[in-house]
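*Asks:* Could you work out the structure for the sequence below:
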Amino acid sequence: MQGEDDTGLSGTQDGELGSAQATAADYPANDILAVIVDRAPQLSRSHRRIAEAILGYPRLFVEKPVEELVPWLGVSAPTITRFARLLGCEGLRDLKLKVMGSMRIGLPYLEPPTPPATLAEVSERVVMRAQDAILRAQQTIDLGALQRAIDMIGRSQMIYAFGSGGVSSWLVEEAHNRLFRLGLRVSTSSDHQMQMMLAATVGRDDVILCSSLSGTNPELIRTVKIAASYGAGTIALTVPRSPLAAAVDVALTPDVADVLDVRGPTPMRYGFLAVLDMLAYGAAVSARPAALEKLRRIKQQFTTYRDADTTKSLSD
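*Replies:* Modelled structure (predicted):
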């Protein structure tokens, strides 16, 4: 291409590219897309054009042969090769392989679905996805497993609710919120080291109730195995066919698929919360009248000291 700037970094000559090249150790967890984003402001005009094409259309970049890339990008083949080597790749083929590796995880972030056009559409998507997740949870939960979990909870001397991460950490806090008011003793932790230590102190009448949206958390799996070795019962709220589901006595596994819209919150949490509410409601029904007396006491103190309106929710 006539007059194009084939230098790698602004103000850098071709002969100096060796000093600017990245090595394999420079990649953050082999994330070449992060390398491209980081270097983009310092790239020459031609190399920036290649970088923008990779970040904007990674699938097309990978699929096109070099003879189609040249007119598509508006740069020469040697310029593409120099760009690849500037990033520490052996050539175009190596660059494409690294881009493909990043696409395996990053494609929904690079080519997300069409966003909602209005705030009304935002609210509609959130509500529809939540409704679908709750309905899927109700349709796919194993009622036999749910009943066994309710029975274990009702017989327990102590319940340890364990989870970590953005969703499961507050799900186990919600488990505490729902179960303590039934007269059940509950302790929560989102710290893996503390979870392991607590698991080592359990008795045979204790229960571990854990939550994981991935079902592959190795520390949580280790914790439930430790607790089981001391005779505690183990329950997991997790995804079907996961290592965590296989590691516990009772697996509550709503089959709620995530949506590939990375801009929005995962609707899976609505499905998991619905199952947790099923568990708590079932435990309350099974525990009556003892549970009703605990609930009455809470309401009595709440109306005495906070709000005399007895129609409001039970201090949730």
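*Asks:* CA atoms for contacts and neighbours, from now on please.
*Replies:* Fine.
*Asks:* Pull out the buried positions in the helix or strand hosting Gly166.
*Replies:* Per DSSP states H and E, Gly166 falls inside helix 165-179. Within helix 165-179, the residues scored as buried using 16 or more other C-alpha atoms under 10 Å are Val167, Ser168, Ser169, Trp170, Leu171, Val172, Glu173, Glu174, Ala175, His176, Arg178, Leu179.
*Asks:* Strand partners (parallel or antiparallel) of the helix or strand following that helix?
*Replies:* Proceeding N to C from helix 165-179, the next assigned helix or strand is strand 186-189, under DSSP H and E. Here strand 186-189 has these sheet partners by DSSP bridges: strand 158-163 (parallel).
*Asks:* can you pull the buried residues of the partner strand?
*Replies:* Buried, per 16+ other C-alpha under 10 Å, within strand 158-163: Met158, Ile159, Tyr160, Ala161, Phe162, Gly163.
*Asks:* Likewise for stretch 222-232?
*Replies:* Applying 16+ other C-alpha under 10 Å to stretch 222-232 flags Arg222, Thr223, Val224, Lys225, Ile226, Ala227, Ala228, Ala232 as buried.
*Asks:* Repeat that for stretch 73-88.
*Replies:* For stretch 73-88, by 16+ other C-alpha under 10 Å, it's 73, 75-77, 79-88.
*Asks:* how about the residues you listed in TSV, adding distance to Tyr281, pLDDT and secondary structure?
*Replies:* Listed next are the buried residues of stretch 73-88 as TSV, based on distance: C-alpha to C-alpha, whole Å; pLDDT from 0 to 100; DSSP: H, G, I helix; E, B strand; the rest coil:
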residue	distance to Tyr281	pLDDT	secondary structure
Leu73	60	92	helix
Val75	65	92	coil
Ser76	67	93	coil
Ala77	66	92	helix
Thr79	65	93	helix
Ile80	62	93	helix
Thr81	63	93	helix
Arg82	64	93	helix
Phe83	60	93	helix
Ala84	59	91	helix
Arg85	61	90	helix
Leu86	60	90	helix
Leu87	57	88	coil
Gly88	58	86	coil
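*Asks:* can you put those residues in CSV and add distance to Ala145?
*Replies:* Formatted as CSV, the buried residues of stretch 73-88 follow (distance: C-alpha to C-alpha, whole Å):
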residue, distance to Ala145
Leu73, 57
Val75, 61
Ser76, 62
Ala77, 61
Thr79, 61
Ile80, 57
Thr81, 58
Arg82, 59
Phe83, 56
Ala84, 54
Arg85, 56
Leu86, 56
Leu87, 52
Gly88, 52
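*Asks:* from these, which is closest to Ile298?
*Replies:* Ile298 has its nearest neighbour among the buried residues of stretch 73-88 in Leu87, at 63.2 Å by C-alpha to C-alpha.
*Asks:* Could I get the full set of helices for the stretch 1-150 of the chain?
*Replies:* Assigned by DSSP state H, counting those that start in this stretch, the helices in the stretch 1-150 of the chain fall at 17-20, 32-39, 45-56, 58-63, 66-73, 77-86, 92-110, 119-140, 143-155.
*Asks:* domain parsing for the chain?
*Replies:* The record's domain parsing of the chain by automatic domain parsing lists 14-110, 141-305.
*Asks:* quick one: which of the ones you listed is nearest Asp132?
*Replies:* For the domains of the chain, the distance to Asp132 is smallest for domain 141-305, at 8.3 Å, taking C-alpha to C-alpha.
*Asks:* Give me the below-cutoff pLDDT ranges for the stretch 1-150 of the chain.
*Replies:* When residues are selected by pLDDT under 70, those of the stretch 1-150 of the chain lie in 1-30, 104-113.
*Asks:* cutoff 50 now
*Replies:* Flagging of the stretch 1-150 of the chain using pLDDT under 50 yields the residue ranges 1-5, 7-25.
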